[in-house]
Structure formats: structure tokens, C-alpha cells
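**Q** dropping the sequence and predicted coords here.
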Amino acid sequence: MQPVTTVTGTAYPWGAKNIDTDIIIPAHWLKTITRSGLARGAFETVRAQPGNVFDDPRYAGAPILIAGDNFGCGSSREHAAWALADMGVRAVIAPSFSDIFSGNAFKNGIVPVVLPQEAVDRLVEVAKDQPVTVDLETMTVTTPYQDRFAFDLDPFRRQCLMEGLDEIGLTMARDTAISKFEGAVDQHRPWIASRSGYAGIAVDGVGRT
């Protein structure tokens, strides 16, 4: 996972509320087991509408999406976060998120930024012609107009995002401690590490060989 410290650039000034995971990535795109290529199906039904924000060349490749309340509701499909990441989105700003989507976003290096509705409304207007910056160092969202909105993020998630640590990365970071523990187990409880399983141990009174 790529570290995320600052996300800055154009933002999709959408603001739509109650966007569920089926809108983010329709069900017929879920047959794939790879994360790449899902951007083609992202917001498919929205893109079918003329003049939609996602096909507006002014916002092509925007790393930030500004959405409305209850973003990511619906199913638990991680494909929704995969699709956003494949689009190049690194941060989503909304008044609230589905808990499951928020967790999936974090695991895929996407920053879920919760701001009050008034702040989101302001950012939607500014983003129509100005860039937006999400800064995890200062925990703020700023604009060239000197707007500055503070947000909160779980400290552990913030650290993982800034260091680029997913679940595999977190495990690898503890490799020394894990190896030390496994060595101690091998020394003090050799029957656990034995390749022969329960060899020589009586089970229900019957010795196994």
C-alpha cells in the first residue's frame, strides 16, 4: 500500500447522498478477483447520464471525491474501494460513511474524511474550479480560498495510512517479534512444532506412534 500523507488536486464536486456500493460498482462487475480494471465500471449508472461529473474532463483523474451523507452504504463488497482506488481516488470527503465501507477504504489506502455538511457544501462549490488538499499531518482539508476544515481520524488508521501499512505490512513489521516467539515455542513446547503431530502422545488411553 502506498503511503498517504497529503492528497491534493482537483476533486469531483458531487455531493450526492446515500450512494450505495451498487452505485459505486454494479454487481455484474464483481466476477473479477483482481483489483485492476474496475475503474471502467465505477459509477456506471451515473455515467450513463449526460453531463455527469465523472466524465467531465475538468475532473479527469481527480484524487479526491466529495460526496454526501451515508456514502458507501449497502453491501460489504470491498470492490467498491477497489474501484475508487483504480480510478485514482485517494480520499473521499463526506458527512458520514458506512462503517464497512470506511474500513475497506482504509485497508485500500483511501482516506475517509468526515466533515460537517456545511463544510462539504462549501467544498463542492470550491472544487468546481479550485483544487482541494487533504493533509494527514495537520488533519485538515484546505483550499486556495483559505478554507480550513479540521477532521478526526482514528490514530492507528492514520499511522497505517501515512506509513503505507496494510494488514500484511503490519504483520511483516513484527517479523522479529514473531520469529522470537516461534523460536521460544520450538524450545519450550517442541510437541507443538513437531511435524509428526501427536506422535507418541496417548489419546483416549491409546498410544499413537
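**A** Yep, that arrived.
**Q** in this structure, where is pLDDT below threshold?
**A** Applying pLDDT under 70 to the chain flags the ranges 167-175, 179, 181-185, 192-209.
**Q** can you give me the helices in it?
**A** 21-24, 44-47, 79-87, 99-107, 117-126, 155-163, 167-173, 175-188, 190-193 (DSSP state H).
**Q** got the domain ranges for the chain?
**A** 6-164, 174-207 (automatic domain parsing).
**Q** mind putting the ones you listed into CSV with mean neighbour count?
**A** (Each C-beta comes from the backbone N, C-alpha and C, glycine too.) Formatted as CSV, the domains of the chain follow (neighbours: other Cβ atoms under 10 Å):
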stretch, mean neighbour count
domain 6-164, 18
domain 174-207, 10
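**Q** and the closest residue to Arg157 other than its chain neighbours, how far from Pro13?
**A** Closest residue to Arg157 apart from its sequence neighbours, by Cβ to Cβ, 6 or more residues apart in numbering: Phe106 at 5.1 Å. Relative to Pro13, Phe106 is positioned 24 Å away (Cβ to Cβ, to the nearest Å).
**Q** can you check Ile64 too?
**A** To Pro13, Ile64 is 10 Å away according to Cβ to Cβ.
**Q** overlap in contacts, the two.
**A** Common neighbours of Ile64 and Pro13, using Cβ atoms under 8 Å, 6 or more residues apart in numbering, are Ala127.
**Q** show me what contacts the most centrally placed residue in the chain?
**A** In the chain, the C-alpha nearest the mean C-alpha coordinate belongs to Ala105, at 1.7 Å (Cα atoms, centre = their mean). Applying Cβ under 8 Å, 6+ apart to Ala105 gives the contacts 72, 81, 84, 92, 97, 111-112.
**Q** any idea how far it is from Thr21?
**A** Distance, Ala105 to Thr21, using Cβ to Cβ: 11 Å.
**Q** list residues touching both of those two?
**A** When Cβ under 8 Å, 6+ apart defines a contact, the residues bordering Ala105 and Thr21 alike are Gly72.
**Q** out of the helices of the chain, the one nearest Ile33 is which?
**A** Counting by Cβ to Cβ, Ile33 lies closest to helix 79-87 out of those; the figure is 10.0 Å.
**Q** send me that closest one as PDB with only the CA atoms.
**A** The C-alpha coordinates for helix 79-87 follow below in PDB (Å, rounded to 0.1, in the frame of the first residue of the first chain):
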ATOM      1  CA  HIS A  79     -14.800  -4.000  -4.800                       C
ATOM      2  CA  ALA A  80     -16.300  -0.500  -4.100                       C
ATOM      3  CA  ALA A  81     -13.000   0.600  -2.500                       C
ATOM      4  CA  TRP A  82     -11.000  -1.200  -5.200                       C
ATOM      5  CA  ALA A  83     -13.000   0.600  -7.900                       C
ATOM      6  CA  LEU A  84     -12.300   4.000  -6.300                       C
ATOM      7  CA  ALA A  85      -8.600   3.200  -5.900                       C
ATOM      8  CA  ASP A  86      -8.500   2.100  -9.600                       C
ATOM      9  CA  MET A  87      -9.900   5.500 -10.500                       C
END
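**Q** now do it: everything it contacts.
**A** For helix 79-87, contacts defined as Cβ under 8 Å, 6+ apart pick out 21, 24-25, 29-30, 32, 35-39, 41-42, 65, 72, 92, 101, 104-105, 107-110.
**Q** having no further points to raise, I will conclude here.
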